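Student: kindly generate the corresponding structure for this input.
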Amino acid sequence: MTVAEKFEHIQRYIPEKVRLIAVTKTHPIDVIQASYDYGHRHFGENKVQELLAKKDLLPADIVWHMIGHLQSNKVKQIAPFVGLIHGVDSLKLLQTIDKEGNKNQRTIPCLLQVHIAEESSKFGFSPDELKEMLKLKQLNEFENIEIRGLMGMATFTEDKSQVRREFQMLKSLFDELKQTSFLNVPHFSELSMGMSDDYQIAIEEGATMVRVGSALYGERDY
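Tutor: Alright, predicted model coming up:
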């Protein structure tokens, strides 16, 4: 199948209201260019260095999503252009993003990452930690961040009922915050959850963005 055929195939399962983020980590420039030529514009990378290397070789109107764990000392490298940072998992990282946004005279869109999986290797706030952080007055002082919603990764398991429960938990937290910390905040509207193995469940449970790599491009060549 060509890249275009793969996009056409997978988009049969993704409603128009859900944004597909094509995850291109380890995949070559020509694959991303073919996706761009097909008409796709939103791409996700896990590592800052790989994102920077690809960005300079591809069209300028691509919207780059930083979907991996982001270290504070790397923020300044992507702050001038990043379209959305999915994995904000600490107050320190928020402070750094705000500072770098100010330096670049732009507001940087972010998602707050919630730890919903049983695996300890995943990053993110616990629901209680997130609620406590959102009570802090200093969040109101950030002028160069726009918190657009939440992101989470389910446990990597064959047990689809567990995956569904974890997505339901994240959606429930999103709905709660929409009525409390983000009441009357229209841009708090994104729920990024679901990857190649579980994006259909995520969509059923309320995802507005899915991050799909291997289902589009095949297994990665590490």
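Student: from here on, just use CA atoms for contacts and neighbour counts.
Tutor: Will do.
Student: residues contacting Lys6?
Tutor: With contact set as C-alpha atoms under 8 Å, 6 or more residues apart in numbering, Lys6 has these partners: 216-217.
Student: so how far is Gly213 from it?
Tutor: When C-alpha to C-alpha, to the nearest Å is the yardstick, Lys6 and Gly213 sit 11 Å from each other.
Student: overlap in contacts of those two?
Tutor: The contact lists of Lys6 and Gly213 share no entry, where a contact means C-alpha under 8 Å, 6+ apart.
Student: so Ser126 touches His115, yeah?
Tutor: Yes: between Ser126 and His115 a contact is recorded at 5.5 Å, counting by C-alpha atoms under 8 Å.
Student: who has more neighbours out of those two?
Tutor: Set side by side, Ser126 and His115 show more neighbours around His115, with 24 against 14, by other C-alpha atoms under 10 Å.
Student: you'd agree that one is up against Leu130?
Tutor: No: when contacts are counted by C-alpha under 8 Å, His115 is not listed as touching Leu130 (10.0 Å).
Student: how about the secondary structure of the residue most central in space within the chain?
Tutor: The chain has His86 as the residue nearest its centroid, 3.3 Å off, counting by C-alpha atoms, centre = their mean. The local conformation at His86, judged by DSSP: H, G, I helix; E, B strand; the rest coil, is strand.
Student: what's near enough to touch it?
Tutor: Taking C-alpha under 8 Å, 6+ apart as the definition of contact, the neighbours of His86 are 65-68, 110-113, 150-151, 192.
Student: Serialize the residues you listed to CSV and add fields for pLDDT and secondary structure.
Tutor: Rendered in CSV, the data for the contacts of His86 read as follows (pLDDT from 0 to 100; DSSP: H, G, I helix; E, B strand; the rest coil):
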residue, pLDDT, secondary structure
His65, 98, strand
Met66, 98, strand
Ile67, 97, coil
Gly68, 94, coil
Cys110, 98, strand
Leu111, 98, strand
Leu112, 98, strand
Gln113, 97, strand
Leu150, 98, strand
Met151, 98, strand
Ser192, 98, strand
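Student: helices or strands next to the lengthiest helix in the chain in the packing?
Tutor: Among all segments of the chain classified by DSSP state H, the helix with the greatest residue count is helix 160-179. In terms of contacts (3 or more C-alpha pairs under 8 Å, 6 or more residues apart in numbering; DSSP states H and E), helix 160-179 is packed against strand 145-152, strand 190-193, helix 199-204.
Student: now for Ser196: which residues touch it?
Tutor: Under the criterion of C-alpha under 8 Å, 6+ apart, the neighbours of Ser196 are 211-215.
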